[in-house]
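J.: Pasted the sequence and its predicted model underneath.
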Number of protein chains: 2
Amino acid sequence: MATAMRDHILNVASELFATRGINATGVDTIVSSAGIAKMTLYKYFKSKEQLIVEYLQQHDDLLRKGLFDKVGTEKSGTAQLKELVGAVMEWISDSEFKGFAFINASIEFPQSENPVHRVSLEFAQALRSTIAGSAKQSGVKKPDILALQLSLLIEGAAMAEQMQRGSGAIEHAREAANTLINAAIV
Amino acid sequence: MATAMRDHILNVASELFATRGINATGVDTIVSSAGIAKMTLYKYFKSKEQLIVEYLQQHDDLLRKGLFDKVGTEKSGTAQLKELVGAVMEWISDSEFKGFAFINASIEFPQSENPVHRVSLEFAQALRSTIAGSAKQSGVKKPDILALQLSLLIEGAAMAEQMQRGSGAIEHAREAANTLINAAIV
DNA sequence: AGATATAGACAGACCTGTCTATATAGTAAA
DNA sequence: TTTACTATATAGACAGGTCTGTCTATATCT
């Protein structure tokens, strides 16, 4: 099927982007690693840039899926928010975790007018919005500010874990998050 | 003088690395931007990799200089620690701030055995140690854990500000840091 | 027969690092 | 002051490799 080939290419590219970096991964590498011809790749994706954007989209889809599968929706007070933070931390602690794609991409493409940078920023804000939504439901004092602070902890923990596996950042980030959440209760 | 030329090359390279990214900055770009011949660069630096390592070192020197100029040493309790966090946040909020070099470099060179990645990790740990030293003097309960948590907030704030200028992350990161510090007092 | 995937060459640009040959500056000796 | 020597910087070509994207010609499968 046509979409099977497309998915295959995207999966192979995503794996390479995540482990070696985007700029360090050439199209030839993707092609040979996927066992396909270069023309096939360019049949399904009009450019490497489009492949990168879809990689970011896929990463966001997987992240959201991973979170919503774990977080209950009918919890009261701050329980759901804490669960959400915990779910993100679990996601980060997965041995396959190679960093948030949108963070890595925004650093590899630092210019703000670059399409990849813009899309990365959107996904970073989307994660923040998700956290803010949960914070609002929890009834804390300033949900948007708390969500921002929690996202800083999350992104910091992701960075620390990406730089050095088993840094201990995850567990302590979760504790710090709970401290901030408890301090934000009305 | 010889060191003047060396410093000039390093300064030009640093500016380019910070604004465009390391991998996106070719040696030819550095050379023409510095107004020198390529052989001159290779006379003072044996490879681009060495230039990158010295760029990271320079960035660390400037950061430490910026911090120690602002933080008093004889403050009591958690005052000095809060001042240190505030100084880092000021450093980040500078309009010339383009992200922590060691974070960006560790993402551009993700493989843990890569020399640039290793040096980046060292500087990240050095910053954490500095914070831990101040945390120990402040007499909080678990200074190393607190220092780790504060560094996550700091790196998260740096990332957020790098992705989008004026994100508001800095001010709220500082508030979150103070909350964590106060919660850690014996 | 028609659609799809293949291998492999190719263009044009960029990458790092080295080479040669020339020019410029500063200093020491006459 | 003028000449001669030395160190340093210059421009620019070059090798050998990589990059993205396009092309053609062949093979496979329904």
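T.: Perfect, thanks for sending it.

J.: Pull up the residues of chain A that are close to DNA strand D.
T.: A:25, A:26, A:27, A:28, A:29, A:38, A:39, A:42, A:47, A:48, A:49 (Cβ under 7 Å from any atom of the strand). Any C-beta I mention is one placed from the backbone N, CA and C, and that applies to glycine too.

J.: how far away is the residue lying closest to residue A:16 once chain neighbours are set aside from chain B?
T.: Nearest residue to residue A:16 in three dimensions, chain neighbours excluded: residue A:25, at 4.5 Å (Cβ to Cβ, 6 or more residues apart in numbering or on different chains). Going from residue A:25 to chain B by Cβ to the nearest Cβ, to the nearest Å gives 11 Å.

J.: What score does residue A:25 have for pLDDT?
T.: pLDDT for residue A:25: 98.

J.: what helix or strand does it sit in?
T.: Counting by DSSP states H and E, no helix or strand carries residue A:25.

J.: wait, residue A:117 sits on residue A:110?
T.: Yes - counting by Cβ atoms under 8 Å, residue A:117 does reach residue A:110; the two are 6.8 Å apart.

J.: Where does the prediction get shaky in chain A?
T.: Along chain A, the parts satisfying pLDDT under 70 run over A:1.

J.: That one: strands as residue ranges?
T.: For chain A, no strands are identified by DSSP state E.

J.: Considering only it, name the residue that lies closest to DNA strand D.
T.: Per Cβ to the nearest atom of the strand, residue A:26 is where chain A lies closest to DNA strand D, at 2.9 Å.

J.: In contact with residue A:30, which residues?
T.: By Cβ atoms under 8 Å, 6 or more residues apart in numbering or on different chains, the contact list for residue A:30 reads A:9, A:12, A:13, A:16, A:41, A:51.

J.: if I pick the last one, what's in contact with it?
T.: This means residue A:51. A:9, A:10, A:13, A:30, A:41, A:45.

J.: wait, isn't the last one in contact with residue A:9?
T.: This points to residue A:45. Yes - between residue A:45 and residue A:9 there is a contact under Cβ under 8 Å: 7.1 Å.

J.: DNA strand C contacts on chain A?
T.: So far as Cβ under 7 Å from any atom of the strand goes, chain A lies against DNA strand C at A:2, A:5, A:35, A:36, A:37, A:38, A:39, A:40, A:43.

J.: Need the buried ones from these selected in ChimeraX.
T.: A single ChimeraX command selects the buried members of the residues of chain A next to DNA strand C (16 or more other Cβ atoms under 10 Å in any protein chain shown):
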select /A:36
